[in-house]
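Visitor: Okay, predicted coordinates and the sequence, questions at the end:
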Amino acid sequence: MGVTEAEPRELAVLAGAVLGSAVVTVAVERWLFRRGERRRAAGVRLAHTRQGLALGVLEAVATVATLAGEGRGSCPTGA
């Protein structure tokens, strides 16, 4: 079923999910930037860089876990 075949109610739910995701993403990004600026103002060295590296490591772990899970589940018979 393509997007053109979806009911208006389904499209509204999809649009709401996309908009909600964008709002949450912007809010988190703004919070992280303000946190980094507060840490920089307090004299913490590499305040933005350190939190960026930590979040990058978390993202890498999540990606590896997702890909590993997809690899195991893609062929249940082991063939």
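Guide: Received, thanks. Bear in mind that the values here come from a model prediction, so they are computed numbers and not experimental data.
Visitor: Show me the helices in this structure, by range?
Guide: Ranges of helices within the chain are 8-41, 47-73, based on DSSP state H.
Visitor: want to throw those into CSV with mean neighbour count?
Guide: No exception for glycine: its C-beta is placed from N, CA and C like everyone else's. Formatted as CSV, these follow (neighbours: other C-beta atoms under 10 Å):
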stretch, mean neighbour count
helix 8-41, 11
helix 47-73, 11
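Visitor: Just checking the distance from the helix or strand of the chain with the lowest mean pLDDT to the centre of its chain.
Guide: None of the helices or strands of the chain scores lower by mean pLDDT, DSSP states H and E than helix 47-73, at a mean of 91. Relative to the mean C-alpha coordinate of its chain, helix 47-73 is positioned 10 Å out (C-alpha atoms, centre = their mean, to the nearest Å).
Visitor: Point out the other helices and strands that it packs with.
Guide: In terms of contacts (3 or more C-beta pairs under 8 Å, 6 or more residues apart in numbering; DSSP states H and E), helix 47-73 is packed against helix 8-41.
Visitor: What is the helix it packs on packed up against?
Guide: helix 47-73.
Visitor: Specify the angle between the helix it packs on and helix 8-41 in degrees.
Guide: Orientation check (axes from the mean of the first three to the mean of the last three C-alpha atoms, to 10 degrees): helix 47-73 against helix 8-41 gives 140 degrees.
Visitor: just use 50 as the starting number from now, easier for me
Guide: Taking 50 as the first residue, the last one we looked at is helix 96-122.
Visitor: residues in contact with stretch 88-106?
Guide: 81, 82, 84, 85, 86 (C-beta atoms under 8 Å, 6 or more residues apart in numbering).
Visitor: Redo those residues as a markdown table? Include pLDDT.
Guide: Rendered in a markdown table, the data for the contacts of stretch 88-106 read as follows (pLDDT from 0 to 100):
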| residue | pLDDT |
| --- | --- |
| 81 | 94 |
| 82 | 96 |
| 84 | 95 |
| 85 | 95 |
| 86 | 96 |
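Visitor: Can you tell me which of the residues you listed is nearest residue 115?
Guide: Each of the contacts of stretch 88-106 was scored against residue 115 by C-beta to C-beta, and residue 81 proved nearest at 22.0 Å.
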